[in-house]
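Student: heads up, no residue letters with this:
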């Protein structure tokens, strides 16, 4: 598929929208990258950022036997060790705009759970906050939610992570399928599209998993290498030469400095007038004065 995210025509018929475009890939890929038996059959999940992506992941997880024990948004936090009622949670979010009445949202990182879903913001897990995480596994739905220092701490502690460039790929692949089907005249086959979407996502996860087994790299490093291998060589060299982790907030801020150097345009400069060409010098020449030795007062008076 193309490297960009295509857009379908406005207001498409609901009957022609492939279901793969809105199906969360993070839950499907999460068990495929497990190591050392860390993936439980019914994991306890905490979700930082209970928005569109977080809600979709929670629904898919609960449909497969998982238990949501905590959820947070930008203003509140709710926590129940026995499990949250998603219907009541959605109703409260719709009425009040918050998932809970109180609580510090960032404290969800320290909730005791099996899987911590990062779906709120970038740079949420730093080297300092990574020390507080009690989850055995992270799922990165937000863009670059873990900093480089955070990855160093997580790798040292043995906490595995499903990286954002793989967990977020499901929406891009689904959008491509949607755009492709709208370019055709025949009615799309939803089951065929779903099978194709699953095959693409499973193949990407298998490549990352195979590289982890072959090299011993963490999952986030293996996924980044697999992504770089599919880029144009010139673009790949540009990303590798950047000292910041590709896709991170710091990389987005500094990438302008790592673009190929462009030749500087020559600025136009006004040439100074030649000696004897100015009105002052012409008046002085007519009176017998040398232009270089003309007294300013005499030139103004016309002597």
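Tutor: In hand now; what should we look at? Every value quoted in this text rests on a predicted model; they were computed, and no experiment measured them. Residues are numbered from 1 along each chain as shown.

Student: Buried residues in stretch 133-144, which are they?
Tutor: 133, 135-144 (16 or more other CB atoms under 10 Å). Placement of C-beta: from N, CA and C, glycine included.

Student: can you put those residues in a markdown table and add distance to residue 195?
Tutor: Output for the buried residues of stretch 133-144, formatted as a markdown table (distance: CB to CB, whole Å):
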| residue | distance to residue 195 |
| --- | --- |
| 133 | 36 |
| 135 | 32 |
| 136 | 31 |
| 137 | 27 |
| 138 | 29 |
| 139 | 24 |
| 140 | 26 |
| 141 | 24 |
| 142 | 29 |
| 143 | 28 |
| 144 | 31 |
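
Student: give me every residue that touches residue 55.
Tutor: residue 90 (CB atoms under 8 Å, 6 or more residues apart in numbering).

Student: Distance of the spatially closest residue to residue 222 that is not a sequence neighbour relative to residue 224?
Tutor: Nearest non-adjacent residue to residue 222, counting by CB to CB, 6 or more residues apart in numbering: residue 211, 4.1 Å away. According to CB to CB, to the nearest Å, residue 211 and residue 224 sit 10 Å apart.

Student: just residue 207 next, same as before
Tutor: Separation of residue 207 from residue 224 (CB to CB): 12 Å.

Student: again with residue 119
Tutor: Computed as CB to CB, the residue 119 to residue 224 distance reads 20 Å.

Student: more crowded one of the two?
Tutor: residue 119 (27 against 20; other CB atoms under 10 Å).

Student: So what's the predicted local confidence for that one?
Tutor: Note on residue 119: pLDDT of 92.

Student: Give me the buried positions along the longest helix anywhere in the chain.
Tutor: Using DSSP state H to define each element, the chain has its longest helix at helix 190-215. With burial defined by 16+ other CB under 10 Å, the residues of helix 190-215 counted as buried are 193-194, 197-198, 200-201, 204-205, 207-209, 211-212.

Student: and it, what other elements does it pack with?
Tutor: In terms of contacts (3 or more CB pairs under 8 Å, 6 or more residues apart in numbering; DSSP states H and E), helix 190-215 is packed against helix 25-29, helix 164-167, helix 169-182, helix 219-229.

Student: From the opening residue of stretch 144-162 to its closing one, how far?
Tutor: Criterion CA to CA, to the nearest Å; first-to-last residue distance in stretch 144-162 is 12 Å.

Student: for stretch 212-228, same thing?
Tutor: Stretch 212-228 has its terminal residues 15 Å apart, counting by CA to CA.

Student: And stretch 142-152, by the same measure?
Tutor: With CA to CA, one end of stretch 142-152 sits 19 Å from the other.
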